[in-house]
Each structure stands twice: as structure tokens, then as C-alpha cells.
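S.K.: no FASTA, just this:
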């Protein structure tokens, strides 16, 4: 099957502080010291951060309407370290499917996947919770293991705010070239939407320090405006072991303050690193 290159851009992977002591406690894999414990050559740039740098190119290739009725399946393939130059390419195959790949300067792909407009073919496989009533923060949460993982059960519903200031910070860091995610009345950046699945799981369980983002499926229904409270429901789909890593697959549905659904998400992560 042949492919046509639609767009080709590049960006530099950076990190504000690879020795941040707060991050060492929160997710050690994103620090020099923590990553070295697991055999990595430096602090790992976060998968959602990488995804954020790809958004300007995705919108250039697909159009702004992707925020209202577009989808993406992104897989994080290889570790990316600060200072790495990354080439991002979007192609379209003979069947009309758009593919993308982000390749590091050493030739390895750090992320790849597919995207498109309209309804994703996998959308109906997501399993959703009907609980729109936010659950309070727990003082003590059970530590997630492969034995106690709540497979087939709903997660506790999570509510959070995204201020205009926070949205602007994310938009600036991600290189908002169209001014959609910065300035007055900014939109919520897609990276912020994908990022919320991690605190959703943490709202129900304590889990790995470190943890590694593996993949995300995201179906957009409506662009999200910053400066409001959002509700995120969740369902724990499955857990499994692969190469001594323990994986979690969770589905979520994101709603704005009016109760309008913004996005549906499937999030896969390693919650216990070998």
C-alpha cells in the first residue's frame, strides 16, 4: 500500500528541570536519577508532552475541525530524552487513512499512530461509566496491583478545573502557532485532555512511581473552553502482564460544566515498571 506525505515538521524535545525533586516523588521516570534506576540513559520526556508538540502539525494537516469531530490513536514507542530533535510526518494511504510518526534523530520512532475526522472505528468498543456525580478525594487509597485491579468496574468519578492561566501555560509550552490555546478565552489543549486519565486512575488507586504512558485513543466531540470545571468518568477495562510490566487499560468520558460530552478516551499505561 502506497502513502502520500501530507505534512512534515520537526520540534526539539525539552524538559524544564530533569532533576526536579517534586517530580522524583511524583513520577521518578521523568527525572535523571529516577530513570537511571530503571536502566534509562536520562530523564524520559513525558508521552503527553510529546503528543502536545505534535498538535500544531496535526491541526495543520487535519484542520481545526479535528477538535470538534476528530479522533486519534497514538502509541508511545521508545524513550525520548531532553535535547532530542524529532521529525514529525503525516501521511495518507490509498484507503484514505492518515498515519503519523515522530522519529528521533537516532532514527527510532518515539510515537506513531493513526488519526482522522468523524467517528473512529474503535469508538463503540469503549466501556463507559454512567456516574456523573463527582466522588470525593480519599485520604487513603488502596495500592493498585494485578490481583486487586477492578477489572470490569467503574472508577471513581473525578472532577477538576482548568483555569485560563493553566491553559495558557500548556499552550505556550506546546507551541500554539494558531493562538487557539493561548490568550484570552483559550481552548483546552488536547494534551491536557489526554493527561487527565492519569489523575482519574489515581483518584481511585495509588499506583506506580514510576508509571509509563503507553497509548491513548481519543475521540473529540467538541472543543473544550478553559476556565471551567470538568467531570471525567472512568471504567477499568483490563490489566495484564507483559515482560514483567503490569499494564492498565481504562476508558473515560469527559464532560464540561454544562454536562456536554467533550471527548472519550482509552488510556493504557504501565503502573508497575519491571
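M.R.: That came in fine, so what should we check first? Computed from a prediction, not measured in an experiment: that's the story for all the values here. Residues are numbered from 1 along each chain as shown.
S.K.: list of residues touching stretch 175-192?
M.R.: For stretch 175-192, the surrounding residues in contact (C-beta atoms under 8 Å, 6 or more residues apart in numbering) are 11, 48-49, 51-53, 55-56, 59, 64, 67, 162, 164, 166-168, 170-172, 174, 218, 220, 223-227. Where you see a C-beta, it was placed from the backbone N, CA and C, and this is true even at glycine.
S.K.: in helices only, show me those.
M.R.: 48-49, 51-53, 55-56, 59, 67, 164, 166-168, 170-172, 174 (DSSP state H).
S.K.: mind listing what the closest residue to residue 272 other than its chain neighbours touches?
M.R.: Of all residues not flanking residue 272 in the chain, residue 246 sits nearest, at 3.8 Å (C-beta to C-beta, 6 or more residues apart in numbering). Residues in contact with residue 246 (C-beta under 8 Å, 6+ apart) are 145, 146, 208, 239, 240, 270, 271, 272.
S.K.: cutoff 6 Å now
M.R.: Counting by C-beta atoms under 6 Å, 6 or more residues apart in numbering, residue 246 makes contact with 146, 271, 272.
S.K.: any regions of the stretch 151-274 of the chain where pLDDT drops low?
M.R.: Within the stretch 151-274 of the chain, no stretch has pLDDT under 70.
S.K.: cool, the stretch 1-150 of the chain as well?
M.R.: For the stretch 1-150 of the chain, the stretches flagged by pLDDT under 70 are 1.
S.K.: just put the contacts of residue 246 in CSV and tack on secondary structure, neighbour count and distance to residue 258.
M.R.: Shown next, in CSV, are these (DSSP: H, G, I helix; E, B strand; the rest coil; neighbours: other C-beta atoms under 10 Å; distance: C-beta to C-beta, whole Å):
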residue, secondary structure, neighbour count, distance to residue 258
146, coil, 14, 38
271, strand, 25, 33
272, strand, 20, 38
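S.K.: ok, so of those residues, who is nearest residue 84?
M.R.: residue 271 (25.6 Å; C-beta to C-beta).
S.K.: hang on, the earlier thing: how far away is the residue nearest to residue 272 from residue 122?
M.R.: 23 Å (C-beta to C-beta, to the nearest Å).
S.K.: from residue 132, how far out is residue 260?
M.R.: With the distance defined as C-beta to C-beta, residue 260 ends up 12 Å from residue 132.
S.K.: picking up where we left off before, so the residue nearest to residue 272 lies in a strand, does it not?
M.R.: Yes - assessed by DSSP: H, G, I helix; E, B strand; the rest coil, residue 246 belongs to a strand.
S.K.: tell me which residues touch residue 31, please.
M.R.: Counted by C-beta under 6 Å, 6+ apart, residue 31 has contacts 18, 23, 24, 43.
S.K.: residue 250: neighbouring residues, count only.
M.R.: Other residues near residue 250 number 23, with proximity taken as other C-beta atoms under 10 Å.
S.K.: how far off centre is the helix or strand hosting it?
M.R.: When elements are assigned from DSSP states H and E, residue 250 belongs to strand 245-255. Distance of strand 245-255 from the chain centroid (C-alpha atoms, centre = their mean, to the nearest Å) equals 11 Å.
S.K.: in its sheet, what does it sit against?
M.R.: strand 228-242 (antiparallel), strand 261-272 (antiparallel) (DSSP bridges).
S.K.: among those, which is nearest residue 94?
M.R.: strand 261-272 (27.1 Å).
S.K.: three-state assignment of residue 29?
M.R.: helix.
S.K.: do I have it right that it meets residue 209?
M.R.: No - Residue 29 is beyond contact range of residue 209, at 8.6 Å (criterion: C-beta atoms under 6 Å).
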